[in-house]
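**Student:** Give me the fold of what follows.
(one chain, ligands or ions: 2)
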Amino acid sequence: HAADAHRTDLMTITRHVLNEQRRNPESRGDFTILLSHIVFGCKFVASAVNKAGLAKLIGLAGETNVQANRTDGCLTLCDVRQGEEQKKLDVLSNEVFVKALVSSGRTCVLVSEEDEEATFVDPALRGKYCVCFDPLDGSSNIDCGVSIGTIFGIYMIKDKDNVTLEDVLQPGTNMLAAGYCMYGSSCTLVLSTGSGVNGFTLDPSLGEFILTHPDIKIPKKGKIYSVNEGNARNWDAAVAKFVEKCKYPKDGSPPKSLRYIGSMVADVHRTLLYGGVFLYPADKKSPNGKLRVLYEVFPMSFLMEQAGGQSFTGKERALELVPTQIHERSPVFLGSYDDVEEIKALYAELA
Ligand code: AHM
Ligand code: MG
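**Tutor:** Residues are numbered from 1 along each chain as shown. Ligands and ions are numbered 1, 2, ... in the order given. Okay, the predicted model is just below:
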């Protein structure tokens, strides 16, 4: 539509969140400020991820030139250059988020996948929110340009002057908001503040996330399953049976398709939009699976439930887990309501 090119009332993510917060009479804009700092981190990482490919090209084309130019201010490219870039991008992303979150003045405890210990914010800069995040998930996909992402979950503390690790070791049901940003063929931020799920796409010319996927609902039943099947020989009986049923359904329905990217954000994003189920189960080698409770399992489970889907650990509703360590892992099965229901039934039968 020609007129659309000149729309003047775009729903930016800030505007959307301001509207949502307006419904809460106690809101004083703190959450909006916190979110705008997270959004800044996502834009920074999006830009760095895009440059990573470019940096590699330049590096291969003439390493000595690049080195020689170092004094001429090509440091941004050099920073993310060559074989080192994988680790560099992880570290860079983490630094950006930690600094953005601390400087927002709205956080008190941060848990990052990149940092062994939780970060307690200096009392002078302390606010009421705890943020758990994976700054750059799916790092094995960086070098080949496949989608990667940032995941975050947000809690509120009870007492600002008395912050402890307990404030982040809460069940997922206490989460206030969660989201992820996918750095893919487009940059998409998916967010829930507890009243549905909305998706925003970065308009690079504006530098703003625009509401493009309002009120996302996951299909009740899906046609896709997503799992690392290379681990099959170590699976338990319920997972083995479920995947067998996906391939050879006995009820006359067509088999499901397998899609697995190996980037949780991308695999969950597809699951949310197209339906189906994503699983990272426990196996004999990793009795708690691979994914981390605070910044992978909880935020994605929160989003799934908010979109009308479910998330299960093999034992319980994923959000009801109570973590005892900040980097704890858990098996997870999440996606379309009916598909997760089927997995729950298999666990009830076979466990
Ligand atoms: P990472 O923290 O090393 O990036 O690992 C997390 C990723 C997830 O994005 C993805 O769902 C999973 O690991 C894939 O694991 P696997 O390679 O074992 O299938
Ligand atoms: Mg990760």
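
**Student:** what about Pro299, distance to ligand 2?
**Tutor:** To ligand 2, Pro299 is 11 Å away according to CB to the ion, to the nearest Å. Placement of C-beta: from N, CA and C, glycine included.

**Student:** does that residue sit in a helix, a strand or a coil?
**Tutor:** helix (DSSP: H, G, I helix; E, B strand; the rest coil).

**Student:** Next one, pLDDT for it please.
**Tutor:** pLDDT for Pro299: 98.

**Student:** So which residues on the protein come close to ligand 1?
**Tutor:** Applying CB under 6 Å from any ligand atom, we find that the chain lies next to ligand 1 at Asp137, Gly138, Ser139, Ser140, Asn228, Gly262, Ser263, Met264, Asp267, Tyr280, Lys290.

**Student:** go with 5 Å
**Tutor:** The chain has residues Asp137, Gly138, Ser139, Asn228, Gly262, Ser263, Met264 near ligand 1, with proximity defined as CB under 5 Å from any ligand atom.

**Student:** quick one, what contacts Leu206?
**Tutor:** Shown in contact with Leu206 (CB atoms under 8 Å, 6 or more residues apart in numbering): Leu10.

**Student:** In terms of helix, strand or coil, where does it fall?
**Tutor:** At Leu206 the chain is in coil, as set by three-state DSSP.

**Student:** Pro25 versus that one, what's the distance?
**Tutor:** 31 Å (CB to CB, to the nearest Å).

**Student:** Buried only: go through the residues of the chain next to ligand 1 for me.
**Tutor:** Neighbour-count burial (16 or more other CB atoms under 10 Å) applied to those gives Asp137, Gly138, Ser139, Ser263, Met264.

**Student:** can you tell me how far Gly105 sits from ligand 2?
**Tutor:** For Gly105, the distance to ligand 2 - CB to the ion - is 27 Å.

**Student:** what helix or strand is the residue nearest the centre of the chain on?
**Tutor:** Centroid-nearest residue in the chain, with CA atoms, centre = their mean: Ile151, separated by 2.6 Å. For Ile151, the host element (DSSP states H and E) is strand 148-156.

**Student:** and the residues of the chain next to ligand 1 near ligand 2, which?
**Tutor:** Contacts with ligand 2 within the residues of the chain next to ligand 1, as defined by CB under 5 Å from the ion: Asp137.

**Student:** ok, so of the residues of the chain next to ligand 1, who is nearest ligand 2?
**Tutor:** Ligand 2 has its nearest neighbour among the residues of the chain next to ligand 1 in Asp137, at 3.8 Å by CB to the ion.

**Student:** give the contact list for that closest one.
**Tutor:** Going by CB under 8 Å, 6+ apart, the list of residues near Asp137 reads Glu113, Ile148, Gly149, Thr150, Ile151, Ser263, Met264, Val265, Glu296.

**Student:** got it, and Phe302?
**Tutor:** Contacts of Phe302 by CB under 8 Å, 6+ apart are Gly153, Gly172, Met175, Ala178, Ser192, Leu319.

**Student:** What are the phi and psi values at Tyr225?
**Tutor:** phi -120, psi 150 (degrees, to the nearest 10).

**Student:** Give me the neighbour count for it.
**Tutor:** For Tyr225, the count of nearby residues is 24 (other CB atoms under 10 Å).

**Student:** And for Pro25?
**Tutor:** 5.

**Student:** For it, give its distance to Pro219.
**Tutor:** 36 Å.

**Student:** Residues touching stretch 103-123, excluding its own?
**Tutor:** 30-31, 33-34, 36-37, 90-91, 93-94, 97-98, 101-102, 125-135, 137, 157, 160-161, 163, 165, 167-168, 292, 294-296, 326-327.

**Student:** what about it, average pLDDT?
**Tutor:** On average, stretch 103-123 scores 97.

**Student:** Buried residues of it, list them for me.
**Tutor:** For stretch 103-123, by 16+ other CB under 10 Å, it's Ser104, Arg106, Thr107, Cys108, Val109, Leu110, Val111, Ser112, Glu113, Ala118, Thr119, Val121.
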